[in-house]
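[1] please work out how this folds:
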Amino acid sequence: MKAIFGPAGNSISFKQEKNLSLLEYLESFNLKAYEYQCGMGVRITKEKAKIFGESLKGIAISIHAPYYISLSSVEEEKRKKSVLYILKTAEIAKEMNAKRIVVHSGSCKNIERKKALALAEETLKEAVLELKKEGLEDVLICPETMGKINQLGDLDEVISLCKISENFIPCIDFGHLNARSFGGIKTKEDYLKILEKVENELGFERLKIFHSHFSKIEYKEPGGERKHLTFEDKIYGPEYEPLLELVVKKNLEPVFICESAGTQAEDAMKMLKTYEEFLHKK
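    Numbering: from 1, shown residues only. Model (predicted):
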């Protein structure tokens, strides 16, 4: 097994493509992963989800759950709805043969971070119970590291959420971590500290198969993330080469989903080519 790469949703070039199916398009870049976007809500039916999944045979599908999930909301009703949104995403994932769903943790604006984390943990525990009731416990939940300071989801918080269940795998968004640290990821050692922390806290088996979002992201103090960029950016980073070198060295098999702004398939292919170069040097 090796690391696999793919886009988050569709690049501009695919939207302009007239002759290729999505599978053919992904294959033209040698990409083996794809993240279906439900950020604005789960709007696909179970029937269409099944057809979509069948159309991407050989591709590892993940789904991004709705952005408006708020595990840490101080309003109980919003937390209950968040459980339902996770459940609905998991139902679609099962039909689509998607193995992982990515979930935002919520906000810690106007609330202490410890309290926000406690609420998020409580909400996810409820989600685990509901998933089991519906026979959906095999769908892996991937809490995501977030890019804005007032969002719940630094690396420690995501690791804490992943301790709730063995079926939780961290979604490490390196662009987000770089944005919330105002450019703190610069060297191979910076990446190594992140990977070692996950391994020490969650064990090698979960580190080995971690989920990842990767893109260059513009940021600004004191808030953090502003907007996603492409790999053409030379200012904000982070750079992916040191990370991929470590992935090869440590024999990791993560799923890398590229979230570049409009060039996610093209940039995912750049990551893939660099990864393969490190493999050949090993």
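
[2] can you map out the strands along the stretch 1-150 of the chain?
    4-7, 33-37, 60-64, 100-103, 140-143 (DSSP state E, counting those that start in this stretch).

[3] including distance to I159, mean neighbour count and mean pLDDT, could the ones you listed go into CSV?
    For every residue, glycine as well, the C-beta is placed using N, CA and C. Listed next are the strands of the stretch 1-150 of the chain as CSV, based on distance: least, CB to CB, whole Å; neighbours: other CB atoms under 10 Å; pLDDT from 0 to 100:
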stretch, distance to I159, mean neighbour count, mean pLDDT
strand 4-7, 23, 25, 98
strand 33-37, 22, 23, 98
strand 60-64, 20, 22, 98
strand 100-103, 15, 25, 98
strand 140-143, 9, 25, 98
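
[4] what would the ones you listed look like in JSON lines with distance to L71?
    JSON lines is the format used below for the strands of the stretch 1-150 of the chain (distance: least, CB to CB, whole Å):
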{"stretch": "strand 4-7", "distance to L71": "26"}
{"stretch": "strand 33-37", "distance to L71": "20"}
{"stretch": "strand 60-64", "distance to L71": "15"}
{"stretch": "strand 100-103", "distance to L71": "7"}
{"stretch": "strand 140-143", "distance to L71": "8"}
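
[5] closest to S260 out of the ones you listed?
    strand 4-7 (8.2 Å; CB to CB).

[6] that closest one: how far from the chain's middle?
    Put simply, strand 4-7 sits 11 Å off its chain's centre (CA atoms, centre = their mean, to the nearest Å).

[7] now stretch 228-246
    16 Å.

[8] got the end-to-end distance for that stretch?
    24 Å (CA to CA, to the nearest Å).

[9] just give me the neighbour total for Y191.
    Using other CB atoms under 10 Å, Y191 has 24 other residues around it.

[10] OK, contacts around it?
    174, 185, 242-243, 246 (CB atoms under 8 Å, 6 or more residues apart in numbering).
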